[in-house]
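Need a 3D model of the sequence below.
(chains A and B)
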Amino acid sequence: MDWLRALLDTITNPVFYRLTLSSATPLLFAALGGLFSEKTGVTNIALEGIMLLGAFFGILGSAFTGNPWIGVLLAMVAGLGLASLHAWASIRFCADQIVSATALILLAQGLTGFLLEPIFGQPGSTHIFNRVPEVRLTFLGKDTFLYKMIGTLSPFVYIAFALVIVTWILINKTRLGLRMRAVGENPEAADTLGINVFKIRYFGVMMSGILAGLGGAFLSVGELGQFSENMTGGKGFIALAALILGNWSPVGAMWASLLFGVAQALNEQLQSNPILSIPSTTKPLFNLLPFVITLIVVGGFVGRTRSPAASGTPYEKRG
Amino acid sequence: MPFHIPEPSEYPHYAVVMKGIVKQFPTVLANDHVDLYVRAGEIHAIVGENGAGKSTLMNLLYGLYTPDAGKIHINGKETLIKGPAEAIKAGIGMVHQHFMLVGPLTIAENIVLGEEPLDSWRFFDLKAAKKRVRELSETYGLHVDVDMRIEDIPVGTQQRVEILKTLYRGANILILDEPTAVLTPQEADELFVVLRNLTDKGKTIIFITHKLNEVMAISDNVTVMRLGKVTGRIPISETSPRQLANMMVGREVLLRVEKAEKKAGEAVLAVNGLHVKDNRGLEAVKDLSFTVHQGEILGIAGVAGNGQTELIEAIAGLRKKEKGKIELCGKDITHSSPRDIRELGLSHIPEDRYKHGLVKEFPVYYNILLGRHYLPPFSKNGFLRHKQVYERAKFLIKQFDVRPPSILMLAENLSGGNQQKMVVGREIDYQPRCMLVAQPTRGLDIGAIEYIHRTLIGLRDAGVGLLLVSMELEEIFSLSDRILIMFEGEFMGEAKPGEITLEEIGLAMAGTPLAEVRKTEAASAGKSETTRVES
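This next block holds a predicted model:
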């Protein structure tokens, strides 16, 4: 009964919804990034690494200029850079996309860990720097449920959900989107019609870098004002799962990201719920919740979703 | 009237003139001073065996390759075609043998891809795209539902989409590379109507094939190629399939296999009251019973998709049986595994050799080993014995004339005919007592077909019982001792090849039981009994 009460207590608390939205935001950025890449036929499991690098450069920008938005810009540039490496290896040299992306994850982890101490003077994590201020919707009334729910969200949350719409329009309503879909499904067919397969693929992968970089920036300069080692903690992979669960559609990816956001919010709220009074030794078990849900959901749904047919296969021109 | 070779002054009446075309590939001279004359508004067939250089010639015309020597005149104007984009600009369109379509996109989206109409906001204008495609499809009688996704439509319709794609880009000269290889006889007939329609509207069609009955049925003139050279060009009214076959192969060819009358022996495969479902869960085989005897070829005729695939897969143990019983040499194999069934003496030439007959990425020797990898002498204590494998493979590719004779070659690098010879060789090497043979010569050239037909007859004469499924009626007629006609999972009747006309079989394939076909015929007394219908 305690459990039910704790659960009820959680879902009637506006903070739960705020947490859900802010936990879903980085996943949504990265999932949309993954979508750009995979739609054009390049798998990008390096999202995790790109986010981490984005998070690091986000803080770096904020620390040196004092302006968190400069940090956000820097994070996008860093993400773009890392993704370009992936694009170069997997498009130009037809490298195995999983291997290339794995190498980039390791590179991002190594680089951020290595640079942390010489730049910020301490290992593990940085001091706290300026972060992107929240959007305060004071017109909702300071003590209302609605205000506690959505009144103090980071602008990143709005940007992420706006990007869902933008991405949907781009993929489904523009010439570029049509060509991206064609290239991701059957690059040879696109090539015979005079579409530049390589250009489209570069665009997709580079967009994934910018978006995943933004997702990483949200984690550091958007939310905490701090970078700590490996702070992405697998969010890039959960974003991939959200992309799969969302069946490679922007709206689907949004719902899936929200689902994982719910899992994360439940995790945090239940851990600290006074009714349950969980001993601190078992608390870390709750951290598994998002991953367990990922496994169950992806395991149960993956057969019913369909990836772009050419995703993961390099395209080589004949002759 | 023999074929007229035009003077340069007559070139304006010709859609395509290719003069002295030479194309050298690293190992072969693919085109050796080839001349091609295609009159505007005609259907011109180019025939030849695989490797004769016809596809190379068309790829040169479409700009996918550049010729080492020679000139191309399009509508009387000398034209340099450096790439597909320039070919398209010159009004040339090509329908490739393997369709270049994007499965999850709709027909309209596929057709306009690369030249999409935009609306005033610079967004992709799907409405305008659909309108354009509808107009085109009405003008040329190529009926398609523009909103359907490519992956949901049959191959015949996909081909129409490919043709529409070239027309959308303003093609006046259409190249079709083996257009009927993937079509059912009905779809092929529909295609021919479409092609006639196109030439009536002033388009010119060049059409590559090695099926001679199609050449006879549809084209106006034909150019025959062999080993990179033109060996003949002739108006269709002046020639016969036999003459064309001889020009293609360079020797006398038997279009029908000679086979001796033979008395069938004991039953090797007995199927009783079999029910099988297809992948969608619908009943595909409905209560079928039949027996294959030793030394007999039992042919199953029918349009593709009437349950033949499911029947063969069920017998081979690859598909669940809902009801009924299958016996192989007196043993019940209804619920046996494919391996047990093989060990009892059933081998299987599958209809799709790329999917089920071989592993493309494996060398020839592994492909020949497949299915016997666990048996001595190829395996001992769980380890492969490569020496024995190599030896057997070498022996088999020599015996079955697989070219090039290298066991190290990857299967995907062999030509279709040689891949099939490899599969046939492997299946015969099992020394089966019964063999399932599905579409054994699909996509092969005359030489390879002749070889495989002779091999199958040899097996029959050696006492093997064969169950043959084929969409080629000619093949069913020339090989089978008995013919069963299948329609929607049921048999429409049984006949001996000498005792049934193509017309009767065609009607039965379309769903009229043979007994009824014969009754109606008897009523309209012998009017059409001697008419031959080309499949």
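
Confidence-wise, which helix or strand of chain B is lowest on average?
helix B:502-509 (a mean of 80; mean pLDDT, DSSP states H and E).

do the same with chain A
Per-SSE averages on chain A (mean pLDDT, DSSP H and E): minimum helix A:289-301, a mean of 79.

Go through that one and flag the buried ones.
A:289-291, A:293-294, A:297-298 (16 or more other Cβ atoms under 10 Å in any protein chain shown). Where C-beta positions appear, they are placed from N, C-alpha and C, glycine not excepted.

which of those residues lies closest to A:Phe161?
A:Pro290 (19.9 Å; Cβ to Cβ).

With adjacent residues omitted, what lies nearest to the residue in chain B that chain A sits nearest to?
Taking Cβ to the nearest Cβ, chain A has its nearest neighbour within chain B at B:Gly114, 3.3 Å off. Spatially, and ignoring its direct neighbours in sequence, B:Gly114 is nearest to A:Leu193 (3.3 Å; Cβ to Cβ, 6 or more residues apart in numbering or on different chains).

The one you found: neighbour count?
A:Leu193 sits with 21 neighbouring residues when counted by other Cβ atoms under 10 Å in any protein chain shown.

residues contacting it?
B:100, B:113-115, B:165 (Cβ atoms under 8 Å, 6 or more residues apart in numbering or on different chains).

correct me, but B:Asn172 touches B:Gly202?
Yes - using Cβ atoms under 8 Å, B:Asn172 makes contact with B:Gly202 at a distance of 7.3 Å.

what about the two, which has more around it?
B:Asn172 (20 against 10).

Now for the more buried one: which residues touch it?
B:15, B:91-92, B:202-204.

List only buried entries from those residues.
B:15, B:91-92, B:203-204.

Among those residues, which lie within strands?
Using DSSP state E, the members of the buried ones among the contacts of B:Asn172 that fall in strands are B:15, B:92, B:204.

Just give me the closest of these to B:Glu503.
For those, the nearest to B:Glu503 is B:Thr204 (33.2 Å; Cβ to Cβ).

which one is that closest one nearest to, not counting chain neighbours?
B:Ala15 (3.8 Å).

thought that neighbour was touching B:Leu36?
No - judged on Cβ under 8 Å, B:Ala15 makes no contact with B:Leu36 at a distance of 10.6 Å.

Low-confidence stretches in chain A?
For chain A, applying pLDDT under 70 flags the ranges A:302-303, A:317-319.

show me the contacts for A:Ser249.
Per Cβ under 8 Å, 6+ apart, neighbours of A:Ser249: A:35, A:168.

Kindly report the same for the one 10 residues further on.
Remark: with contacts taken as Cβ under 8 Å, 6+ apart, A:Leu259 is in contact with A:242, A:245, A:293, A:297.

count of residues packed around the second one?
Neighbour count of A:Leu245, defined by other Cβ under 10 Å: 25.

Which residue lies closest in space to it, excluding its sequence neighbours?
Per Cβ to Cβ, 6+ apart, closest to A:Leu245 is A:Ala256, 4.0 Å.

What of the last one?
Counting by Cβ to Cβ, 6+ apart, A:Val297 lies nearest to A:Leu245, which is 5.7 Å off, once chain neighbours are set aside.

If we ignore the residues flanking it in sequence, what's nearest A:Ala265?
In space, A:Ala265 is closest to A:Leu19, 3.7 Å off (Cβ to Cβ, 6+ apart).

Distance of the closest residue to chain B within the stretch 51-200 of chain A relative to A:Ala182?
Across the stretch 51-200 of chain A, the shortest distance to chain B (Cβ to the nearest Cβ) belongs to A:Leu193, at 3.3 Å. Here the criterion is Cβ to Cβ, to the nearest Å. By it, A:Leu193 lies 8 Å from A:Ala182.

any residues in contact with both of these two?
Common neighbours of A:Leu193 and A:Ala182 (Cβ under 8 Å, 6+ apart) are B:Leu113.

re earlier: can you put the ones in strands among the buried ones among the contacts of B:Asn172 in a markdown table and add pLDDT?
Output for these, formatted as a markdown table (pLDDT from 0 to 100):
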| residue | pLDDT |
| --- | --- |
| B:Ala15 | 95 |
| B:Ile92 | 94 |
| B:Thr204 | 96 |
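
Closest one to A:Asp2 out of those, please.
So of these, ranked by how close each gets to A:Asp2 (Cβ to Cβ), first place is B:Ile92, at 76.8 Å.

shouldn't that closest one be in contact with B:Leu61?
Yes - if you go by Cβ under 8 Å, B:Ile92 and B:Leu61 touch, sitting 6.5 Å apart.

Please enumerate the shared neighbours of the two.
Counting by Cβ under 8 Å, 6+ apart, the residues touching both B:Ile92 and B:Leu61 are B:81, B:175.

The residue nearest to A:Ala265 in helix, strand or coil?
Secondary structure, DSSP: H, G, I helix; E, B strand; the rest coil: A:Leu19 is helix.

before we move on, what about A:Met51?
Relying on three-state DSSP, one would call A:Met51 helix.

Kindly report the residues of chain B close to chain A.
B:64-65, B:84-85, B:88, B:96, B:99-105, B:109-110, B:113-116, B:118, B:122-124, B:165 (Cβ under 8 Å from any Cβ of the partner chain).
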